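Enquirer: What shape does this take:
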Amino acid sequence: MAIVSVDPRDRTPIYAQLDRALRAAIATGRLTTGDQLPTVRQLAVELSINANTVARVYAELERAGILETRRGVGTFVNATPAQAHPPKQHERRLHAYVTRVLADAAEAGFTVDDLFEAIQSHRKGDA
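Expert: Prediction:
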């Protein structure tokens with residue numbers, strides 16, 4: 001089983017889903033500092049995606065200091081959960097998420113008030 005997953009039906013590009021999934025796995029502690037990731041080829045096969053996509057995400061996360069590649073050894077988590085989602089990026093991601101939720105809700109015929117009531121009910125355990 002893969003350490004993360006992507007959804008080919010999601011409108012979000014696969015590379016963005018993979019980036020988000022890896023960051024989330026680190027932020028939630030599923031992946032911790034020092035953990036070795038699958039090779040590019042292994043993860044691509046597990047997720048049924050192009051190896052170039054995995055390589056691109058690994059490279060971007062390495063540039064961000066989240067991953068570290070050791071030549072001839074592998075790719076490892078180099079970040080703590082707090083480093084996985086810098087505050088500015090977290091705010092941008094949250095804003096984008098809320099925008100998608102509101103758009104999906106409107107398309108399904110729900111109002112913002114419907115969403116607030118459902119969220120509050122869910123938090124109280126009523127749902």
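Enquirer: would you list every one of the helices in the protein?
Expert: For the chain, the helices defined by DSSP state H occupy 14-27, 40-47, 51-63, 81-84, 87-108, 112-124.
Enquirer: hey, which of the ones you listed is tucked in deepest?
Expert: Highest mean neighbour count among those (mean count of other CB atoms under 10 Å): helix 14-27, with a mean of 20. C-beta here means a position set from N, CA and C on the backbone, and glycine is covered the same way.
Enquirer: Tabulate the helices of the chain (CSV), appending mean pLDDT and distance to V6.
Expert: Formatted as CSV, the helices of the chain follow (pLDDT from 0 to 100; distance: least, CB to CB, whole Å):
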stretch, mean pLDDT, distance to V6
helix 14-27, 92, 4
helix 40-47, 96, 6
helix 51-63, 95, 9
helix 81-84, 67, 18
helix 87-108, 82, 16
helix 112-124, 87, 26
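Enquirer: Which of the ones you listed sits closest to G34?
Expert: The closest of the helices of the chain to G34 is helix 14-27. By CB to CB, the value is 11.4 Å.
Enquirer: quick check: domain ranges of the protein?
Expert: 14-80, 87-124 (automatic domain parsing).
Enquirer: Could I get those domains in CSV, plus columns for distance to I3?
Expert: As requested, the domains of the chain are exported to CSV (distance: least, CB to CB, whole Å):
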stretch, distance to I3
domain 14-80, 6
domain 87-124, 20
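Enquirer: Looking at those, which is nearest to V4?
Expert: With distances scored as CB to CB, the stretch of those nearest to V4 is domain 14-80 (3.7 Å).
Enquirer: What's the end-to-end length of that closest one?
Expert: This stretch, domain 14-80, spans 24 Å end to end (CA to CA, to the nearest Å).
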